[in-house]
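> return a 3D structure for these sequence lines:
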Amino acid sequence: PKSIAVVGASKNPTKIGHASLKNILISDYPCRLYPVNPNEDEILGMKCYKKLTDISDAIDLVMICVPELIVTQIIKDCVKKKVKWIIIITSGYSEIGNHQGEETIKQLVEGTGIRILGPNTMGYKNASANLDVSFVFGMPRKGNLALVSQSGALGMGMIYLANNEFVGLSKIIGVGNKLDIDDDDLVDYFSKDPETKVIGLYIEGIRHGRDFMNSIKACNKPVLVVKAGR
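Below is the predicted model of the structure:
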């Protein structure tokens, strides 16, 4: 992404919206960065916008860190802005039985080409490009192992463990509830990623079993899978 907006950016250091904005800011990654919060004029030295649609520039990636009740309106704003990618950090969806909330988001982006990571995700860290689009503190060392985790807490643990063991990562991605971007999408992506030599996945549940197995079979790199609950 050449431009990133953090909706729900906050001055409060205990908020996810603060950590998400700060992580991008301290990444060694060149991009235009836009905090969005209707109650602030400036956050971390940057001009803050009241709404996503107030930003005149094109936005590639939107990070959503607002309560679940507001997310639908933000998605509508993303469609208006012709955003390419969305990360929904917000929880309160299918993990607690709110399947309708996810269905509404799917309907809003249908036919737009927008790709969504999450909801209920920690985001991702791209060590190869020095881009940290996550609320979790700490960047992994650079290396050739790509990790995909359905659990944000386990994802955090894997980053710290990898750093302690001097294991380098190319990317680590939290898939969360997998409303759109799924394990098979990421296996396909990493199979072509020149910075990745080995792929590791922590999976709680698979939505599209045949697609997943077809992606694994088509991948010519080692893929290690841990399935929870077995």
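
> residues contacting the nearest residue to residue 134 once chain neighbours are set aside?
In space, and not counting its chain neighbours, residue 134 is closest to residue 123: 3.5 Å by CB to CB, 6 or more residues apart in numbering. Where C-beta positions appear, they are placed from N, C-alpha and C, glycine not excepted. By CB atoms under 8 Å, 6 or more residues apart in numbering, residue 123 lies in contact with 20, 63, 87, 89, 117, 133, 134, 135, 136, 174.

> the longest strand in the chain is where?
With DSSP state E setting the assignment, residue counts place strand 142-149 as the longest strand in the chain.

> same for it, what does it pack against?
Applying 3 or more CB pairs under 8 Å, 6 or more residues apart in numbering; DSSP states H and E, one finds that strand 142-149 contacts helix 152-164, strand 169-174, helix 183-192, strand 198-203.

> let me see the ranges of the helices in this structure.
Secondary structure of the chain (DSSP state H): helices at 16-26, 68-80, 99-109, 152-164, 183-192, 209-218.

> in TSV, list those helices along with mean neighbour count, distance to residue 143 and mean pLDDT.
Shown next, in TSV, are those (neighbours: other CB atoms under 10 Å; distance: least, CB to CB, whole Å; pLDDT from 0 to 100):
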stretch	mean neighbour count	distance to residue 143	mean pLDDT
helix 16-26	21	19	97
helix 68-80	17	33	98
helix 99-109	15	33	97
helix 152-164	17	8	94
helix 183-192	20	13	98
helix 209-218	14	22	96
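
> now render those helices as a markdown table, adding distance to residue 145.
Converted to a markdown table, the helices of the chain look like this (distance: least, CB to CB, whole Å):
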| stretch | distance to residue 145 |
| --- | --- |
| helix 16-26 | 21 |
| helix 68-80 | 32 |
| helix 99-109 | 30 |
| helix 152-164 | 7 |
| helix 183-192 | 10 |
| helix 209-218 | 17 |
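
> so the residue nearest to residue 101 when sequence neighbours are not counted versus residue 168, what's the distance?
Closest residue in space to residue 101, ignoring its immediate chain neighbours: residue 93 at 5.0 Å, by CB to CB, 6+ apart. Distance from residue 93 to residue 168, counting by CB to CB, to the nearest Å: 33 Å.
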